[in-house]
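Q: Have a look; sequence and predicted model below, questions after that.
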Amino acid sequence: MRVAICEDSKLQYEVLKKQVLKWADEREETIDIEGFESGEEFLFKWPEDCDFDLVLLDINMKGMSGVQLAKEIRKQDKDILIIFITAEVEHALEGYNVSALNYLLKPVEEDALFRCLDICLEKVKENSTNAKYLVFSKGREQIKVNIDKIIFISAFDHYVDIHYDNEIITIKSKIGDMEKVLEFREEFVRCHRSYIVNINNIVTLTKKSAILKNKIELPVSKSKFEAVSEKFKLI
C-alpha cells in the first residue's frame, strides 16, 4: 500500500510514520510512505511523480489547509482514500464533504489508527481485485489501460513499457511498483527482474525463456521459473 503523510510538524510526522510502519510489520504488508510538509508540496509532486492509495492528512497545516488539499485531490481522483488527522473535533465534520474515510484526533491512538488502516487495506485489495483498468498519469494526460489486454511489461532505467494490445505505452515507474499494482491479478507474474508477463499469452515455456502468442521471446530467470511454471500449468 502506498501512503502519503501530509503533516507540517516533523515530530508528528515521525510519530505517525512509526505507527504506520508498525502496523505494516504486524500485518506483514509491504508499504511505501512519503511525507509532505504542505499541501503545495504534495500537489507539486502528485500525481505525476507519485501515486498513493491513502493520504493521511493534517487538517491544520500552514498555508493550504488539509480540507483545501482534499478538495484539490478530489478534483482529480475520486477513489484515493483520505483520513484526516485533527486536534479539534469540530474540524472533523469538514471531512465528509470530500468523502474522507475517517478522521483521527491528535494525539493519534495506535489502536484507532490500526483499525482505519485495516479498512483501507481491505478497500485497496478489493479495488485491485475488481479493477478492469489501470489509470496512469503522463504529464497532464490520463491514460486508461485495459488490464486484460496487457501482454507484458518491460523495464528500463526509471521507466516501464506496457506492451498493450497493438501498442506500447511508456510511463515513469519502477517494475517493482508495477508488480505491486498487479499482484491481485493472478494472470500476471514476474518472469525476470525486468519483465512481468500475462501468463495467458505464453504458448511455450522453457527454463530460460517464454515464447508468447505474438512470437516474442522473453527471458525467464532461474529464480522466477518455478513461479512462472506453476501458473503456466493452470492455464
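A: Cool, the structure landed.
Q: for the protein, which helix is longest?
A: Across the chain, the longest stretch assigned as helix under DSSP state H is helix 110-130.
Q: what does it contact?
A: 1, 16, 19-20, 22-23, 26-27, 29, 53-54, 79, 81, 83, 101-102, 104, 181, 183-185 (CB atoms under 8 Å, 6 or more residues apart in numbering). Where you see a C-beta, it was placed from the backbone N, CA and C, and this is true even at glycine.
Q: where does this structure have low pLDDT?
A: Applying pLDDT under 70 to the chain flags the ranges 48-50, 89-97, 128-131, 139-140.
Q: Helices of this structure, residue ranges please.
A: 10-27, 39-45, 66-76, 89-92, 110-130, 175-181, 225-232.
Q: Using JSON lines, lay out these together with mean neighbour count.
A: Below are those laid out as JSON lines (neighbours: other CB atoms under 10 Å):
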{"stretch": "helix 10-27", "mean neighbour count": "15"}
{"stretch": "helix 39-45", "mean neighbour count": "16"}
{"stretch": "helix 66-76", "mean neighbour count": "18"}
{"stretch": "helix 89-92", "mean neighbour count": "12"}
{"stretch": "helix 110-130", "mean neighbour count": "15"}
{"stretch": "helix 175-181", "mean neighbour count": "16"}
{"stretch": "helix 225-232", "mean neighbour count": "16"}
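Q: Can you pull the domain assignment for the protein?
A: Following automatic domain parsing, one finds the domains of the chain at 2-130, 133-232.
Q: Would you mind measuring from L16 to H158?
A: Distance from L16 to H158, counting by CB to CB, to the nearest Å: 28 Å.
Q: Q68 too?
A: Per CB to CB, Q68 is found 31 Å from H158.
Q: and T204, what does it touch?
A: Taking CB under 8 Å, 6+ apart, we find T204 in contact with 210-211.
Q: give me the beta-bridge partners of it?
A: Taking DSSP bridges as the rule, T204 bridges to I211.
Q: circling back: how many degrees apart are the longest helix of the chain and helix 10-27 in direction?
A: Orientation of helix 110-130 against helix 10-27 (axes from the mean of the first three to the mean of the last three CA atoms, to 10 degrees) gives an angle of 60 degrees.
Q: centre of the chain versus helix 110-130, how much separation?
A: Computed by CA atoms, centre = their mean, to the nearest Å, the chain-centroid distance of helix 110-130 equals 13 Å.
Q: before we move on, what about stretch 172-186?
A: Remark: stretch 172-186 is offset 8 Å from the chain centroid, using CA atoms, centre = their mean.
Q: which residues touch stretch 15-22?
A: Identification of contacts with stretch 15-22 by CB under 8 Å, 6+ apart yields 3, 5, 7, 31, 33, 35, 56, 85, 107-108, 110, 113-114, 117.
Q: what's around E186, how many residues?
A: E186: 11 surrounding residues under other CB atoms under 10 Å.
Q: err, V108, not the other one
A: When neighbours are counted by other CB under 10 Å, V108 registers 18.
Q: Can you verify my assumption that it contacts F84?
A: No: when contacts are counted by CB atoms under 8 Å, V108 is not listed as touching F84 (11.0 Å).
Q: Can you read off the backbone torsions of V220?
A: Backbone geometry at V220, expressed as degrees, to the nearest 10, gives phi -120, psi 120.
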